[in-house]
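> this one's structure only:
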């Protein structure tokens, strides 16, 4: 006898987050890029598809190649720039590779040589130069990873300086993929409706605003 279908229980159902079409560029491959982000050396930046680049993000493709996978979320005010090494008085910059299903929190600075797939980087993190973040790893908010740190697969790092805190279950890959795809699906363009929707980060509380000018409010007996 077949067991119950658990697919519905695993589905992530959250309210949509709306954005103005005027504020974002939608590319042919499904990337949603804020007009208030800065892409330096755009000819050296590759976005595979279905990624979100929030306002205030700076991508430094003018220094070296940046390759960013699919379903990547780059939070507001974050900076991705190539790592470097000084050699005989010269500075050599290294390409940056970011895998699929990666979440980078707001106000984080990423100078890693490589970020694997299904990696979650929290808000306000500093990933110093030449770091390697392996697949299915988690960096907690506020973490500062020293240069040349290697984060193994299925591990959690946190603190300042960042250090190993524990292991993650084998289901991390599945959960991170679900999270990344859900984030993309939820981020939808605002549509003209008779009643205003909930816009990203702003709740519309009409009931709390009080009666409109000229409106007659009937008092209870």
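That came through, no problem. Predicted model only: the values in this text are computed from it and were never measured.
> Which neighbouring elements make contact with the top helix by length along the chain?
Across the chain, the longest stretch assigned as helix under DSSP state H is helix 172-186. Contacts defined by 3 or more CB pairs under 8 Å, 6 or more residues apart in numbering; DSSP states H and E place helix 172-186 against strand 73-74, strand 103-104. C-betas here are computed from N, CA, C, even on glycine.
> And it, what's buried?
172-173, 175-177, 179-180, 183-184 (16 or more other CB atoms under 10 Å).
> Any idea which helix or strand in this protein has the lowest mean pLDDT?
In the chain, no helix or strand scores lower on mean pLDDT, DSSP states H and E than helix 7-10, which sits at a mean of 36.
> avg pLDDT for the very next helix or strand once past that one?
Note on helix 7-10: by DSSP states H and E, the next helix or strand toward the C-terminus is strand 17-19. On average, the pLDDT along strand 17-19 is 91.
> Please point out which parts of strand 17-19 sit buried.
18-19.
> for it, packing partners?
strand 187-189.
> So what touches the strand it packs on?
Surrounding strand 187-189, the residues in contact under the criterion CB atoms under 8 Å, 6 or more residues apart in numbering are 16-21, 24, 26, 32, 52, 200.
> Name the strands paired with that strand and say parallel or antiparallel.
Strand 187-189 has its sheet partners listed here by DSSP bridges as strand 17-19 (parallel).
> what does the longest helix of the chain rub up against?
The contact list for helix 172-186, computed with CB under 8 Å, 6+ apart, reads 10, 12, 14-17, 50-52, 71-73, 100-103, 117-120, 135-136, 138, 154.
> Need the per-residue pLDDT for the residue nearest in space to the middle of the chain.
Centroid check for the chain by CA atoms, centre = their mean gives residue 73 as the closest residue, at 2.5 Å. Model confidence at residue 73, given as pLDDT, is 98.
> Bridging across strands, which residues link to it?
residue 52, residue 103.
> can you list the weak-confidence ranges in the protein?
1-13, 192-221 (pLDDT under 70).
> Swap in 90 and give it another go.
1-16, 86-90, 190-221 (pLDDT under 90).
> Spatially, which residue comes closest to residue 49, not counting chain neighbours?
Closest residue in space to residue 49, ignoring its immediate chain neighbours: residue 29 at 3.6 Å, by CB to CB, 6 or more residues apart in numbering.
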